[in-house]
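> The sequence isn't on hand, but the structure is:
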(Lines give C-alpha, C1' and ligand atoms only; values in the text may rest on other atoms or scores of the structure.)
Protein backbone atom coordinates (compact mmCIF):
# COMPACT_ATOMS: atom_id res chain seq x y z
CA UNK A 1 0.00 0.00 0.00
CA UNK A 2 1.23 3.45 -0.93
CA UNK A 3 0.05 6.72 0.62
CA UNK A 4 -1.63 8.72 -2.16
CA UNK A 5 -3.20 11.39 0.05
CA UNK A 6 -2.62 12.64 3.57
CA UNK A 7 -3.77 15.86 5.16
CA UNK A 8 -0.84 17.64 6.73
CA UNK A 9 -2.31 21.10 7.21
CA UNK A 10 -4.63 22.55 9.82
CA UNK A 11 -6.18 24.75 7.12
CA UNK A 12 -9.05 23.62 4.99
CA UNK A 13 -8.98 23.81 1.22
CA UNK A 14 -11.84 26.28 1.49
CA UNK A 15 -9.98 28.56 3.88
CA UNK A 16 -10.99 31.63 1.88
CA UNK A 17 -14.49 31.18 3.37
CA UNK A 18 -13.02 32.11 6.75
CA UNK A 19 -11.58 35.34 5.32
CA UNK A 20 -14.96 36.82 4.36
CA UNK A 21 -15.62 38.28 7.82
CA UNK A 22 -12.22 40.01 8.23
CA UNK A 23 -12.55 41.33 4.67
CA UNK A 24 -15.89 42.98 5.50
CA UNK A 25 -14.38 44.36 8.72
CA UNK A 26 -11.51 45.91 6.78
CA UNK A 27 -13.85 47.44 4.16
CA UNK A 28 -16.09 48.86 6.89
CA UNK A 29 -13.18 50.43 8.76
CA UNK A 30 -11.78 51.84 5.51
CA UNK A 31 -15.16 53.36 4.61
CA UNK A 32 -15.52 54.86 8.10
CA UNK A 33 -12.10 56.49 7.89
CA UNK A 34 -12.74 57.72 4.35
CA UNK A 35 -16.18 59.08 5.22
CA UNK A 36 -14.94 60.90 8.31
CA UNK A 37 -13.26 63.38 5.95
CA UNK A 38 -16.44 64.10 3.90
CA UNK A 39 -19.16 66.71 4.46
CA UNK A 40 -21.69 66.32 7.30
CA UNK A 41 -24.69 65.03 5.24
CA UNK A 42 -22.71 62.43 3.28
CA UNK A 43 -20.84 61.33 6.36
CA UNK A 44 -24.04 60.58 8.32
CA UNK A 45 -25.51 58.34 5.58
CA UNK A 46 -22.21 56.63 4.75
CA UNK A 47 -21.36 55.95 8.40
CA UNK A 48 -24.57 53.95 8.80
CA UNK A 49 -23.57 51.78 5.83
CA UNK A 50 -20.02 51.40 7.10
CA UNK A 51 -21.34 50.49 10.56
CA UNK A 52 -23.58 47.80 9.01
CA UNK A 53 -20.59 46.40 7.10
CA UNK A 54 -18.50 46.33 10.29
CA UNK A 55 -21.26 44.55 12.23
CA UNK A 56 -21.72 42.01 9.43
CA UNK A 57 -17.96 41.45 9.28
CA UNK A 58 -17.71 40.99 13.05
CA UNK A 59 -20.60 38.51 13.19
CA UNK A 60 -19.25 36.58 10.19
CA UNK A 61 -15.74 36.48 11.70
CA UNK A 62 -17.04 35.17 15.03
CA UNK A 63 -19.24 32.57 13.32
CA UNK A 64 -16.45 31.33 11.04
CA UNK A 65 -13.98 31.11 13.93
CA UNK A 66 -16.47 29.00 15.90
CA UNK A 67 -16.78 26.65 12.90
CA UNK A 68 -13.01 26.48 12.39
CA UNK A 69 -12.25 25.80 16.07
CA UNK A 70 -14.98 23.15 16.03
CA UNK A 71 -13.26 21.39 13.13
CA UNK A 72 -9.96 21.54 14.98
CA UNK A 73 -11.42 20.11 18.18
CA UNK A 74 -13.70 17.52 16.58
CA UNK A 75 -11.51 16.10 13.80
CA UNK A 76 -8.01 17.53 13.26
CA UNK A 77 -6.75 17.20 16.83
CA UNK A 78 -8.21 13.69 17.29
CA UNK A 79 -6.61 12.59 13.99
CA UNK A 80 -3.22 13.95 15.01
CA UNK A 81 -3.51 12.21 18.38
CA UNK A 82 -4.27 8.86 16.70
CA UNK A 83 -7.98 8.86 17.53
CA UNK A 84 -9.34 7.86 14.12
CA UNK A 85 -10.85 4.89 12.36
CA UNK A 86 -9.47 2.85 9.47
CA UNK A 87 -11.47 1.04 6.82
CA UNK A 88 -9.89 -1.16 4.17
CA UNK A 89 -11.40 -2.72 1.08
CA UNK A 90 -12.62 -2.08 -2.43
CA UNK A 91 -14.26 1.20 -3.47
CA UNK A 92 -17.95 0.52 -4.11
CA UNK A 93 -20.85 2.54 -5.53
CA UNK A 94 -18.64 5.41 -6.70
CA UNK A 95 -20.78 8.21 -8.10
CA UNK A 96 -18.67 10.97 -9.58
CA UNK A 97 -19.55 14.44 -10.82
CA UNK A 98 -17.73 16.90 -13.02
CA UNK A 99 -14.81 18.70 -11.46
CA UNK A 100 -16.51 22.09 -11.26
CA UNK A 101 -19.53 21.18 -9.11
CA UNK A 102 -21.15 18.56 -6.93
CA UNK A 103 -19.44 15.88 -4.93
CA UNK A 104 -18.31 12.27 -5.26
CA UNK A 105 -19.88 9.59 -3.10
CA UNK A 106 -18.60 6.08 -2.47
CA UNK A 107 -18.41 3.34 0.13
CA UNK A 108 -15.66 1.09 1.42
CA UNK A 109 -16.87 -1.95 3.38
CA UNK A 110 -20.15 -0.24 4.20
CA UNK A 111 -18.61 3.07 5.34
CA UNK A 112 -20.04 5.94 3.29
CA UNK A 113 -17.88 8.89 2.19
CA UNK A 114 -18.66 12.17 0.42
CA UNK A 115 -15.80 14.05 -1.22
CA UNK A 116 -16.15 17.47 -2.78
CA UNK A 117 -16.67 21.07 -1.90
CA UNK A 118 -16.76 21.06 1.85
CA UNK A 119 -15.41 23.42 4.43
CA UNK A 120 -14.10 20.60 6.63
CA UNK A 121 -10.41 19.72 6.41
CA UNK A 122 -9.50 16.47 4.75
CA UNK A 123 -9.86 15.03 1.27
CA UNK A 124 -11.83 17.27 -1.08
CA UNK A 125 -10.37 16.34 -4.49
CA UNK A 126 -12.88 14.44 -6.56
CA UNK A 127 -12.05 11.80 -9.18
CA UNK A 128 -12.54 14.19 -12.11
CA UNK A 129 -10.19 16.70 -10.43
CA UNK A 130 -7.38 14.16 -10.00
CA UNK A 131 -8.33 12.86 -6.56
CA UNK A 132 -7.00 9.54 -5.25
CA UNK A 133 -10.34 7.68 -5.42
CA UNK A 134 -10.70 7.09 -9.16
CA UNK A 135 -12.90 4.06 -9.81
CA UNK A 136 -14.96 1.24 -8.38
CA UNK A 137 -12.89 -1.75 -7.37
CA UNK A 138 -9.81 0.24 -6.28
CA UNK A 139 -8.39 -1.38 -3.14
CA UNK A 140 -7.83 1.32 -0.51
CA UNK A 141 -7.14 1.85 3.16
CA UNK A 142 -8.75 5.04 4.46
CA UNK A 143 -8.03 6.76 7.78
CA UNK A 144 -10.94 8.97 8.78
CA UNK A 145 -12.67 10.76 11.63
CA UNK A 146 -16.45 10.66 12.01
CA UNK A 147 -18.37 13.80 12.91
CA UNK A 148 -22.02 12.90 13.21
CA UNK A 149 -22.89 11.20 9.95
CA UNK A 150 -19.96 12.70 8.05
CA UNK A 151 -16.69 10.87 7.61
CA UNK A 152 -13.73 13.19 7.08
CA UNK A 153 -10.90 11.46 5.16
CA UNK A 154 -7.40 12.31 6.38
CA UNK A 155 -5.35 9.60 4.69
CA UNK A 156 -5.77 7.35 1.66
CA UNK A 157 -3.48 4.43 0.92
CA UNK A 158 -3.90 2.59 -2.33
CA UNK A 159 -2.51 -0.52 -3.97
CA UNK A 160 -0.57 0.63 -7.00
CA UNK A 161 -0.36 -1.88 -9.84
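Done, it's in. The structure presented is a predicted model; accordingly, all values stated were derived computationally and were not measured.

> now for the strand ranked longest in the chain, which elements pack on it?
Longest among the strand segments of the chain by residue count, using DSSP state E, is strand 85-95. Packing partners of strand 85-95 (3 or more CB pairs under 8 Å, 6 or more residues apart in numbering; DSSP states H and E): strand 103-108, strand 139-147. For the C-beta atoms, the positions are set from N, CA and C on the backbone; glycine is no exception.

> Which helix or strand in the protein has the lowest average pLDDT?
Lowest by mean pLDDT, DSSP states H and E among the helices and strands of the chain is helix 40-71, with a mean of 76.

> Now the following helix or strand past it: average pLDDT?
Downstream of helix 40-71, the next assigned helix or strand under DSSP states H and E is helix 77-80. The average pLDDT for helix 77-80 rounds to 86.

> who does residue 89 bridge with?
Under DSSP bridges, the beta-bridge partners of residue 89 are residue 140.

> Enumerate every residue touching it.
Residue 89 makes contact with 108-109, 139-140, according to CB atoms under 8 Å, 6 or more residues apart in numbering.

> on contacts alone, who are the packing partners of the least confident helix or strand of the chain?
Helix 40-71 packs on helix 20-35, going by 3+ CB pairs under 8 Å, 6+ apart.

> contacts for the helix it packs on?
With contact meaning CB under 8 Å, 6+ apart, helix 20-35 is reached by 42-43, 46-47, 49-54, 56-64.

> Helix 40-71 and that one, what's the angle between them?
Helix 20-35 runs at 160 degrees relative to helix 40-71, counting by axes from the mean of the first three to the mean of the last three CA atoms, to 10 degrees.

> Would you mind listing the buried residues in helix 20-35?
21, 24-25, 28, 31-32, 35 (16 or more other CB atoms under 10 Å).

> Before I go, just wanted to say thanks for your time.
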